[in-house]
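**Q** Below are the sequence and a predicted model for it; my questions follow.
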Amino acid sequence: MRMPLTVWGIFTATVMALLAFPALFVGAVMMLLDRLLGTSFFMPSLVEMGQHLQHSGGSPILFQHLFWFFGHPEVYIVALPAFGIVSDLISTHARRNIFGYRMMVWAIVAIGALSFVVWAHHMYVSGMNPYFGFFFATTTLIIAIPTAIKVYNWLLTLWHGDIHLTVPMLFALAFIVTFLNGGLTGLFLGNVVVDVPLSDTMFVVAHFHMVMGVAPIMVIFGGIYHWYPKITGRMLNEALGRFHFWVTFLGAYAVFFPMHYLGLLGMPRRYPEIGETSFVPDSAATLNAFISVAALAVGFAQMVFLFNLIWSLSRGRQAGGNPWNATTLEWQTPETPPGHGNWGKELPVVYRWAYDYSVPGAERDFVPQNQPPARRATWEAAP
């Protein structure tokens, strides 16, 4: 319970990967055997050019089950490290202890466990028994509980905090907003009755990219801006960073937010050309053109980000060892950038948890993990 939440997120995601990826591997091997050796794991009886093929008895739905048994835990394999990183960013740049640390740890573990019993909410239109649909809709709502706990704790960490609107903090706040928006649309798609008409429409594309495309990438950018000074010894350019943030954040919403409307119109996904379709109005084409322009603007902002990374390697101002006044161990190394082994011959001693900020009576507003506790003077009564 002294580990940063970033480490907890990566650790839990690693355990999940050990359990989830074998399902994908097995499905891939079975498909390979179907294609090369004529087996029928996924291939039903087929007629081609009037001839019955050798395949029989296979189930395409079985492949969906194997894929999504991997695919939905994979969503959280991506998300849990992001949850940990954003927790560290918010605590550091709001100068507040993370609210409900133990609750956050157990929420990460609970999300990892529950992610293995929700996979078939991707398969409501596959013809499953309604009782299975009820089960997976229920587990989908249950997994929203620990996820909501994390959002509440992030907001309560910000409450009355000394918030520094640095570039890492801006990306962390953008993650909370985007993840919340994407999560709310996920509650709609987790319901069988709503999901069936919206399945395979642009609404699903909008939901998935908001919660799994835009939100984790916001955390990745925030983490790069946060740890770049430690990795290189130099700060990224602040003005370029803010330009990159605002164009990326607003541009991402300009790209994916209109897709919700297109999905409600019934526009299907994966179609390169819609053509003259009676239920899709002409305004949808105009909206698609607007989305394309917004996507090009977001792509240009990433070029500015790459320029900032390269330019700051030699021209950025010196960062020092701990420019954010952070408490975790990586900021306490004797050298910046850290040398081989990070700490040299002697490893640090950890005396406290990772989030001692705004400590009453401390010399500074943070206490590093490897700082020994202050010794209390003992006074002896005079004889």
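**A** Looks like it arrived, so ask away.

**Q** what residues are up against L114?
**A** Under the criterion of C-beta atoms under 8 Å, 6 or more residues apart in numbering, the contact list for L114 reads 139, 142-143, 146. All C-beta spots, glycine's among them, are computed from the backbone N, C-alpha and C.

**Q** actually M202, sorry about that
**A** Shown here is M202, whose contacts under the criterion C-beta under 8 Å, 6+ apart are 259-260, 262-263, 267-269.

**Q** pLDDT and neighbour count for those residues - can I get that in a markdown table?
**A** A markdown table is the format used below for the contacts of M202 (pLDDT from 0 to 100; neighbours: other C-beta atoms under 10 Å):
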| residue | pLDDT | neighbour count |
| --- | --- | --- |
| M259 | 95 | 24 |
| H260 | 95 | 21 |
| L262 | 93 | 23 |
| G263 | 93 | 23 |
| M267 | 91 | 22 |
| P268 | 91 | 16 |
| R269 | 91 | 16 |
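
**Q** which among the residues you listed gets closest to L32?
**A** The shortest distance between L32 and any of the contacts of M202, using C-beta to C-beta, involves R269 and amounts to 27.5 Å.

**Q** mind pulling up the phi and psi values for the closest one?
**A** R269 adopts backbone torsions of phi -90, psi 170, taken as degrees, to the nearest 10.

**Q** Make 59 the starting number, not 1.
**A** I'll keep to 59 as the first residue from here, and by that count the last item is R327.

**Q** one step back: out of the contacts of L172, list just those in helices.
**A** When helices are assigned by DSSP state H, the members of the contacts of L172 inside them are 197, 200-201, 204.

**Q** still on that earlier bit, from the contacts of M260, which two are the most distant?
**A** H318 and P326 (14.5 Å).

**Q** re earlier: neighbour-wise, which of the contacts of L172 leads?
**A** Using other C-beta atoms under 10 Å as the neighbour criterion, I201 leads the contacts of L172 with 22 neighbours.

**Q** I figured that one hits H179, correct?
**A** No. Under the contact definition of C-beta atoms under 8 Å, I201 does not touch H179, with a separation of 9.8 Å.

**Q** before we move on, the earlier item: pull the most distant pair out of the ones in helices among the contacts of L172.
**A** Looking across those, with C-beta to C-beta as the criterion, the two at the greatest separation are T197 and P204, at 12.2 Å.

**Q** quick check: longest helix of the chain.
**A** For the chain, the helix with the greatest residue count under DSSP H is helix 118-152.

**Q** list the buried ones in it?
**A** Neighbour-count burial for helix 118-152, with 16 or more other C-beta atoms under 10 Å as criterion, is recorded at 121-128, 130-135, 137-152.

**Q** repeat for stretch 179-189
**A** So stretch 179-189, judged by 16+ other C-beta under 10 Å, has buried residues 179-182, 186.

**Q** Looking at those residues, spot the one nearest M101.
**A** M181 (18.9 Å).

**Q** nearest spatial neighbour of that closest one, skipping sequence neighbours?
**A** When the adjacent residues along the chain are set aside, M181 lies closest to Q122, with 5.6 Å between them (C-beta to C-beta, 6 or more residues apart in numbering).

**Q** Hmm, V183 and that neighbour touching each other?
**A** No. With contact defined as C-beta under 8 Å, Q122 does not reach V183; the gap is 10.5 Å.
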